[in-house]
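Q: Please find the sequence and the predicted model below.
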Amino acid sequence: MGGLAAVPGRGRKPDPIKSKSKNTNVPEFSNITDIDPPAYMDGLEFAPMIWRSIVPELLENELLKITDMHNVEVFCMAYDNYRECQKEIVLHGITLTTEGGSTIKNPALTALNEAVRQMATFGSLLGLDPSSRQRLTGVGNKEQTNPFAGVLNM
């Protein structure tokens, strides 16, 4: 089966800059100019803090649309959970002693691991890591260093 992907979703991802120019039916979502953290985050320590640090950066780089706000919320809540779990682990350690005297893994470690996964997933969707940021912005400053590249242009 040459040329066909055996697993759906495989293959080269389309370049967002190029695909926009080809397809005139690409939806344009509303830009956001400023947005405060949701009211439900008021009682939390870390979620509003990370909101106030990443949202202005995303807005400045014009990477945030109204349809992205749920991703921002999930990322901020995952960050809050991550920090709360870290505090719990520092306070009680990585193991706990049960009433029966046995030692168990601190459940905060499992919650921490899940929060880190959510942060990685939703942070990537927002362009908060270098590779996804390059994918979203389409900026690549790679110079050709292949000495045989000139042969192909003959």
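A: Sure, I can see it.

Q: Distance check, residue 102 against residue 68.
A: For residue 102, the distance to residue 68 equals 46 Å [Cβ to Cβ, to the nearest Å]. Heads up, the C-betas are built off the backbone N, CA and C, glycines and all.

Q: Neighbour count for these two, which is higher?
A: Shown here are residue 102 and residue 68; by other Cβ atoms under 10 Å, residue 68 has more neighbours (18 against 9).

Q: now the strands for this protein?
A: 95-97, 103-105 (DSSP state E).

Q: Give me the sheet partners of the last one and which way each runs.
A: Taking DSSP bridges as the criterion, strand 103-105 pairs within the sheet with strand 95-97 (antiparallel).

Q: Can you find the helix or strand of this structure with the lowest average pLDDT?
A: The helix or strand of the chain with the poorest confidence is helix 16-22; it has a mean of 54 (mean pLDDT, DSSP states H and E).

Q: circling back: pick the most buried one from the strands of the chain.
A: Using mean count of other Cβ atoms under 10 Å, the stretch among the strands of the chain with the largest mean neighbour count is strand 95-97, at a mean of 12.

Q: average pLDDT across that strand?
A: When pLDDT is averaged along strand 95-97, the result is 95.

Q: and for it, what are the contacting residues?
A: Identification of contacts with strand 95-97 by Cβ atoms under 8 Å, 6 or more residues apart in numbering yields 103, 104, 105, 106.
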